[in-house]
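> pasting the sequence and the predicted coordinates here, then a few questions.
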Amino acid sequence: MAAMHTLPAGDRLHLLHSVLCAVNIGAVVLDGDRRIVLWNAWMIKHSGLNNDKVIGADFFATCPGLRGGRVDAAIQQALYNNFPSVLSQSLNKSPFALHANALAVARNERIQQAVEVTPIAVEGAPRHCLIQITDVSIAVAREKLLREQTMVLRSQTFSDGLTGIANRRHFDVAMEKEHRRAKRGGTPLSLLMIDIDHFKAYNDHYGHQKGDQCLIQVAAALAGMLKRPCDLMARYGGEEFAMILPETDVEQATLMAETIRARAHELAIPHERSGTDLRQVTVSIGIATQKVETPVDLEALIGAADRALYQAKRAGRNRIAALLP
Amino acid sequence: MFNLTELENDALIEIFNIGVGQAAASMSAIVHEAVHMSVPSISFIPRAEAARLLGARDAAEPERICGISQHYQGAFETEAILMFPEDKSLEIVRLMVGESVPLKELTEMEQEAMCEIGNIILNSCVGTLANIFQHELEGSLPQYHLGTSDEILTATGSGADTVVLMLHIDFLLEKHQIHGYVAFVLDITALHDLKDQINLYIARAMGQA
């Protein structure tokens, strides 16, 4: 290719114009009165506006949606203060009405944009400015995927490896959130502590593999009984489970606990060493409810559920007991 | 060491507070929430000391800093760098963008958002200076840096003998208060140009009074 300086001035200008039109980014040049003096092929393709419509036209008549916004401010910075500006996609969601293709137009999906506005000195005329628009749709999609996968990973660290239900960490976070929500919203909050009866004897008799299977089966059956999205069942430790029941008063919680006890019984998992004639796996449940009129701190609520569970155990197991915190 | 009189110092703080006030207004408009910014103090320090000031919480490992730099020239020449500790830059961007799934480092798009934030703050600060000095400056596009403060100062081309005009910036968004710095790297000529401009401004202000 011939060096630029060997070209006659007219040809040189023509070449520069062709280059600007060929580049794979949007390029728009405005004069000092914010009239459009250049609108390249990329802009024509993605805006659907031809040169005969835009050249010489007022920029804000062509793009009325941009008046008064960040693009307007950036143009002023360039024309009047001589400073360049960047507008990121994250902080400015697709300011220009640009679309990848006809389908995107139909779906009203704009190209994701990164915008730069730079001042351009022009000999013998007031300063112009160049608006460059880059398509960052691919990068935006990549980061969306990255965040989604991070969410999946993070939710895995919140679930119990054996039973697949929420783990202790998840319980702690959820309990704190629900406790705060109950106090603020003036609603009751119930907590159930559920323990498999004579589980150590079960493990000793049947072995740890069977013990694990028992935990998985009980956890799945009980967790399946929760119908509301705000309810949460978590593995609290060993063979102990906890159930958070927001907006649930003592009566409702007692009803729920009794249904859970009966459900565990229904599973009819054999337990030769259950210490009773029943010879099957059962659960004991402790209930604690924070009443609207007497909110308590988190530890008191958990402590009450623990003591209620102890009471149910002492009273003979396979039963429920409730205590006020 | 280079020093300003109390009057010059106060005038400069006032100018920069006008600047960051405008920047805060622009940022509020983006996030539709109140953003407050102020410059409580400024200081002139040698470059080596600036690196130390922004450096280590514990000396063993220098803190990682996120920096946005722009070069300005005209009535005086300077490299302006907005700097936050890396964790604070994560906080600012995520508060501004409203992202609910934070990742360990700033993503490409978040870096670009940080560039925009830096661009708004630096242009406002320098723009206010330029207006008050009644001189036009020209500026480059912002660049993103991540590293120790010493690395960032070196990357932006500031020599060992330069002086840094350090602005302490308080940034308040949604009850989160974040401290950062804007560094203007100046050589001796630029430093004296700046002092002259401040005195012209003060003289004009006094004359009008």
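It's in. These numbers come from a predicted model, not from an experiment.
> what's the closest non-adjacent residue to the residue most central in space within chain B?
In chain B, the C-alpha nearest the mean C-alpha coordinate belongs to residue B:182, at 2.1 Å (Cα atoms, centre = their mean). Spatial nearest neighbour of residue B:182, chain neighbours left out: residue B:167 (4.2 Å); criterion: Cβ to Cβ, 6 or more residues apart in numbering or on different chains. C-beta coordinates here come from the backbone N, C-alpha and C atoms, glycine included.
> and the helix or strand where that neighbour lies, which strands flank it?
Remark: residue B:167 resides in strand B:163-173, with elements defined by DSSP states H and E. Counting by DSSP bridges, the strands paired with strand B:163-173 are strand B:35-46 (antiparallel), strand B:176-186 (antiparallel).
> Three-state assignment for residue 190, please.
By default, I'm working from chain A. Under the three-state scheme (DSSP: H, G, I helix; E, B strand; the rest coil), residue A:190 adopts strand.
> what about the nearest residue to it once chain neighbours are set aside, neighbour count?
Of all residues not flanking residue A:190 in the chain, residue A:253 sits nearest, at 3.6 Å (Cβ to Cβ, 6+ apart). Residue A:253 has 23 neighbours, counted by other Cβ atoms under 10 Å in any protein chain shown.
> tell me where the chain has strands.
Using chain A here. Residue ranges of the strands in chain A, as given by DSSP state E, are A:26-30, A:36-39, A:85-87, A:113-120, A:128-135, A:189-196, A:232-237, A:240-246, A:283-290, A:320-323.
> hmm, no, I was thinking of chain B.
For chain B, strands defined by DSSP E occupy the ranges B:35-46, B:65-73, B:78-85, B:138-139, B:143-147, B:163-173, B:176-186.
> got the ones you listed as CSV, with mean pLDDT and distance to residue A:136 columns?
Formatted as CSV, the strands of chain B follow (pLDDT from 0 to 100; distance: least, Cβ to Cβ, whole Å):
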stretch, mean pLDDT, distance to residue A:136
strand B:35-46, 91, 24
strand B:65-73, 94, 18
strand B:78-85, 92, 22
strand B:138-139, 92, 23
strand B:143-147, 93, 15
strand B:163-173, 90, 25
strand B:176-186, 89, 26
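> thinking again about what came up before, looking at it, the residue nearest to the centre of chain B is touching residue B:83, isn't it?
Yes - counting by Cβ atoms under 8 Å, residue B:182 does reach residue B:83; the two are 7.4 Å apart.
> enumerate the residues of chain B near chain A.
B:26, B:29-31, B:93, B:96-97, B:99, B:101, B:103, B:107-110, B:112-113, B:115-117, B:119-120, B:123, B:126-127, B:130, B:136-142 (Cβ under 8 Å from any Cβ of the partner chain).
> need the buried ones from those selected in PyMOL.
Typed into PyMOL, the line below selects the buried ones among the residues of chain B next to chain A, using 16 or more other Cβ atoms under 10 Å in any protein chain shown:
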select buried, chain B and resi 26+30+93+96+97+99+107+109+110+112+113+115+116+117+119+120+123+126+127+130+137+139+141+142
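> could you list which of the residues of chain B next to chain A belong to helices?
B:26, B:29-31, B:93, B:96-97, B:108-110, B:112-113, B:115-117, B:119-120, B:123, B:126-127, B:130 (DSSP state H).
> by mean pLDDT, which helix or strand of the chain comes out lowest?
Because you didn't say which chain, this covers chain A. helix A:137-156 (a mean of 84; mean pLDDT, DSSP states H and E).
> you looked at the wrong chain, it should be chain B
helix B:47-53 (a mean of 80).
> any buried residues in that one, and which?
B:47, B:49, B:50, B:51.
> and the residue lying closest to the second one once chain neighbours are set aside, how far from chain A?
With Cβ to Cβ, 6+ apart as the measure, residue B:164 is the residue that lies nearest to residue B:49, at 8.0 Å, once sequence neighbours are left out. The span separating residue B:164 from chain A equals 22 Å under the rule Cβ to the nearest Cβ, to the nearest Å.
> so residue B:164 makes contact with residue B:52?
No - in this structure residue B:164 lies outside contact range of residue B:52 using Cβ under 8 Å: 11.1 Å.
> what confidence value was assigned to the closest residue to residue B:149 other than its chain neighbours?
Spatial nearest neighbour of residue B:149, chain neighbours left out: residue B:54 (3.6 Å); criterion: Cβ to Cβ, 6+ apart. pLDDT for residue B:54: 73.
> likewise for residue A:218?
Reported pLDDT for residue A:218: 96.
> that one - how many residues pack around it?
Look at residue A:218: counted by other Cβ under 10 Å, it has 22 neighbours.
> same thing with residue A:278?
By other Cβ under 10 Å, 14 other residues sit near residue A:278.
> do the same with residue B:2
By other Cβ under 10 Å, neighbour count at residue B:2 equals 14.
> quick one, which of the strands paired with strand B:163-173 is packed in tightest?
Across these, the average number of neighbours (mean count of other Cβ atoms under 10 Å in any protein chain shown) peaks for strand B:176-186, which reaches a mean of 20.
> ok now that strand, how far from the chain's centre?
5 Å (Cα atoms, centre = their mean, to the nearest Å).
> quick revisit: the least confident helix or strand of chain B packs against which elements?
helix B:149-155, strand B:163-173, strand B:176-186 (3 or more Cβ pairs under 8 Å, 6 or more residues apart in numbering or on different chains; DSSP states H and E).
> okay if I get those as TSV plus distance to residue A:43?
Output for those, formatted as TSV (distance: least, Cβ to Cβ, whole Å):
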stretch	distance to residue A:43
helix B:149-155	34
strand B:163-173	35
strand B:176-186	35
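> so which of those comes closest to residue B:21?
strand B:163-173 (11.7 Å; Cβ to Cβ).
> so where do the helices sit in chain A?
Using DSSP H, helices in chain A cover A:9-22, A:41-47, A:51-54, A:59-62, A:70-76, A:102-107, A:137-156, A:168-185, A:199-206, A:208-223, A:250-267, A:298-314.
> for residue B:173, find the nearest of these.
Among those, helix A:70-76 comes nearest to residue B:173, with 17.5 Å by Cβ to Cβ.
> give me the residues contacting the closest one.
Residues from elsewhere that reach helix A:70-76, judged by Cβ atoms under 8 Å, 6 or more residues apart in numbering or on different chains: A:30, A:34, A:59-60, A:63, A:66, A:85, A:87, A:91-92, A:95-96, A:115, A:117, A:129, A:131, B:26, B:29-30.
> buried only: go through these for me.
A:30, A:34, A:59-60, A:63, A:66, A:85, A:87, A:91-92, A:95-96, A:115, A:117, A:129, A:131, B:26, B:30.
> tell me the spacing between residue B:22 and residue A:235.
Noted for residue B:22: a distance of 55 Å to residue A:235, by Cβ to Cβ, to the nearest Å.
> higher neighbour count, these two?
residue A:235 (24 against 18).
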